[in-house]
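1. Task: produce atomic coordinates for the following.
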Amino acid sequence: MGSSSVLVKESVTITPSDPTPSCILSLSALDSQLFLRFTIEYLLVYRAQPGLDPCAITARIKAALGKALVPYYPLAGRVRAKPDGSSLEVLCRAQGAVFVEAVCDDQSIADFERAPRYVSQWRKLLLFQVADVLQGAPPLVLQLTWLKDGNATLGVGFNHCICDGVGSAEFLNAFAELAKLGETKQKPVWDRHLLNPSPVKPPRLIHPEFNRVPDLCSFSARFSNERVLTPTSITFEKRSLNELKKLALFTTRLAESSLTSFEVLSAHVWRSWARSLNLPQNQILKLLFSINVRDRVKPSLPRGFYGNAMVLGCAQSSMKELEQKGLGYAATLVKRAKERVDSEYVKSVVESVSGGRASPDSVGVLIMSQWSRLGLEMVDFGTGRAVHVGPVCCDRYCLVLPGCSRAEAVKVMLAVPINSVDKYEFLVRSLSS
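-> Just a heads-up that it's a prediction; the model follows:
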């Protein structure tokens with residue numbers, strides 16, 4: 001499978017435009033957990049605006065990046081393990097972020113209206129790949145690529161140890177404001193000590209997200225090679241989401257206003273995915289999804305906190321019950337998983353993951369992340385808002401993306417084993433089962 005033909009025009013390191021502190025900053029227990037030692041990769045697609053000069057846009061973005069790295073100077077540092085191996089830290093010496101400008105001669109903006117043909121089709125729209133985020137790689141990389149039709153993509157990679165989805169989206173919007181307006185109101189806050197273990201041990205709580213379950217069907221092998229996965233992209237309009245709510249409420253005793261769009265959509269995708277895989281009836285399955293805890297902890301985290309302030313919600317069921325008990329059952333499991341997460345629960349997670357002890361397994365697991373609530377579609381460098389927001393590579397992690405041009409719509413992207421994709425797409429498009 002060939003990748004897009006991309007020619008790199010420039011690859012440079014952008015350092016903060018003003019002096020920044022030279023220091024070592026500790027990352028929190030949540031930042032340091034094994035599960036987050038990878039790169040978050042976004043792909044934003046922009047439509048060309050009349051009268052905008054590509055050279056001027058590139059210069060404006062590079063200048064704004066240098067300005068953004070002043071208040072966000074840890075993103076110009078380097079992440080490493082502490083000498084005792086207990087957690088991670090950032091060496092801040094203004095080492096800089098990587099910026100690449102490229103041109104692509106065989107893709108146009110229309111290509112992003114559907115799923116990529118294979119997992120890594122869009123890989124060259126963010127060429128800089130980090131194999132190990134602790135081996136001196138820059139925690140922030142960007143690639144501006146001009147497409148053959150004059151439109152553009154911006155691929156962005158963040159070291160997940162430094163920021164979560166909310167924090168990375170706040171940075172991108174602040175960075176874009178600097179490019180468009182020359183200033184930003186965003187004031188980043190470090191304060192990683194707020195999510196470290198408490199001197200007083202919290203009550204021991206049950207964390208199903210970290211428990212291993214038996215693999216009854218060589219589950220992991222089905223997803224071990226990207227060549228056996230087929231990307232899918234399904235858009236859900238508001239009308240479809242309301243239909244799912246009605247179907248879920250029909251099979252539960254919950255009040256009509258008690259289920260959110262995310263609860264019913266995630267339950268529907270989870271069931272469709274599980275049913276398409278032809279799993280044993282007694283296989284235990286989990287839906288893991290990120291929960292923002294900024295306002296769930298007491299006291300709330302300060303506004304502008306851009307570190308990892310998320311824990312994993314976990315809905316768990318046997319294949320038999322997930323299939324037979326219907327959408328309302330699955331949506332209720334998701335709802336209850338969200339309701340479990342309060343301040344004490346977060347403290348217990350922090351205690352569990354500190355020192356690298358607890359980490360989720362992959363057996364029977366579908367991981368879902370809600371990018372539709374991050375504000376990525378608002379990122380505007382003076383070129384207009386993005387017309388597509390998604391991942392660089394569509395893989396086994398399920399993403400709920402903003403509909404961008406479609407108000408109140410969301411797009412679900414997920415790569416499914418090739419021998420299950422037809423059944424999955426049939427089930428997920430059907431709103432009557």
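2. ok, and what's touching stretch 18-27?
-> 67, 69-70, 73-74, 76-77, 79, 82, 87-94, 161-162, 190, 192-193, 307 (C-beta atoms under 8 Å, 6 or more residues apart in numbering). (Each C-beta comes from the backbone N, C-alpha and C, glycine too.)
3. Can I get the buried part of those as one PyMOL selection?
-> In PyMOL syntax, the buried subset of the contacts of stretch 18-27 is picked out as below (16 or more other C-beta atoms under 10 Å):
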select buried, resi 67+69+70+73+74+76+77+79+87+88+89+90+92+94+161+162+190+192+307
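4. Okay, now the unreliable bits of the stretch 1-150 of the chain?
-> The model of the stretch 1-150 of the chain has pLDDT under 70 over residues 1-4.
5. 90 instead, please
-> For the stretch 1-150 of the chain, the stretches with pLDDT under 90 are 1-5, 35, 49-53, 84-86, 105-107, 113, 129-133, 148-150.
6. Please enumerate the helices of it.
-> Counting by DSSP state H, counting those that start in this stretch, the stretch 1-150 of the chain has helices at residues 29-32, 54-68.
7. any idea which of those helices is most buried?
-> helix 29-32 (a mean of 25; mean count of other C-beta atoms under 10 Å).
8. Run the chain-centre distance for it.
-> Computed by C-alpha atoms, centre = their mean, to the nearest Å, the separation of helix 29-32 from the middle of its chain amounts to 16 Å.
9. on that earlier part again, Arg204: which of the helices of the stretch 1-150 of the chain is closest?
-> Across the helices of the stretch 1-150 of the chain, Arg204 has its closest neighbour in helix 29-32 (16.3 Å, C-beta to C-beta).
10. which outside residues touch the closest one?
-> Residues outside helix 29-32 that contact it (C-beta under 8 Å, 6+ apart) are 36, 87-88, 161-162, 192, 195-197, 307-311, 349-351, 353-354, 356.
11. 10 Å instead, please
-> 26, 36-37, 79, 81-82, 86-90, 159-164, 192-197, 293, 307-311, 346, 349-356 (C-beta atoms under 10 Å, 6 or more residues apart in numbering).
12. Can you tell me which of those residues end up in helices?
-> Among the contacts of helix 29-32, DSSP state H puts 346, 349-353 in helices.
13. In JSON lines, list the helices of the stretch 1-150 of the chain along with distance to Val421.
-> Conversion of the helices of the stretch 1-150 of the chain to JSON lines gives the following (distance: least, C-beta to C-beta, whole Å):
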{"stretch": "helix 29-32", "distance to Val421": "35"}
{"stretch": "helix 54-68", "distance to Val421": "37"}
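14. nearest to Tyr329, of those helices?
-> helix 29-32 (30.8 Å).
15. one step back: for Asn419, which of the helices of the stretch 1-150 of the chain is the nearest?
-> Closest approach to Asn419 among the helices of the stretch 1-150 of the chain is made by helix 29-32 (37.3 Å; C-beta to C-beta).
16. Could you export the closest one as CSV, CA atoms only?
-> The C-alpha trace of helix 29-32 is given here as CSV (Å, rounded to 0.1, in the frame of the first residue of the first chain):
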residue,chain,number,x,y,z
ALA,A,29,1.2,10.6,38.6
LEU,A,30,-1.5,10.7,35.9
ASP,A,31,0.9,12.3,33.4
SER,A,32,3.5,9.5,34.1
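17. thinking again about what came up before, just the buried residues out of the contacts of helix 29-32, in PyMOL syntax.
-> Per 16+ other C-beta under 10 Å, the buried members of those correspond to this PyMOL selection:
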select buried, resi 26+36+37+79+87+88+89+90+159+160+161+162+163+164+192+194+195+196+197+293+307+308+309+310+311+346+349+350+351+352+353+354+356
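18. on that earlier part again, what is the nearest of the ones in helices among the contacts of helix 29-32 to Lys325?
-> Distances from Lys325 to those, taken as C-beta to C-beta, are shortest for Val349 (28.1 Å).
19. for the residue nearest to that closest one when sequence neighbours are not counted, what are its contacts?
-> Among residues not flanking Val349 along the chain, Val311 sits closest, at 4.7 Å (C-beta to C-beta, 6 or more residues apart in numbering). For Val311, the contacting residues are 30, 33, 195, 207, 209, 290-293, 296, 340-341, 345-346, 348-350, 352-353, by C-beta under 10 Å, 6+ apart.
20. and Val311, bridged to which residues?
-> Ile291 (DSSP bridges).
21. Just the pLDDT for it.
-> What the model reports as pLDDT for Val311 is 96.
22. And it, how close does it get to Phe35?
-> Using C-beta to C-beta, to the nearest Å, we find Val311 at a distance of 11 Å from Phe35.
23. and if you look at Val70?
-> Separation of Val70 from Phe35 (C-beta to C-beta) stands at 30 Å.
24. okay, and the common contacts of Val311 and Phe35?
-> Residues touching both Val311 and Phe35 (C-beta under 10 Å, 6+ apart) are 209, 353.
25. which of the residues in stretch 273-282 are buried?
-> Per 16+ other C-beta under 10 Å, stretch 273-282 contains these buried residues: 273-277, 279.
26. sorry, that was for stretch 127-145
-> For stretch 127-145, by 16+ other C-beta under 10 Å, it's 127-128, 130, 133, 137-145.
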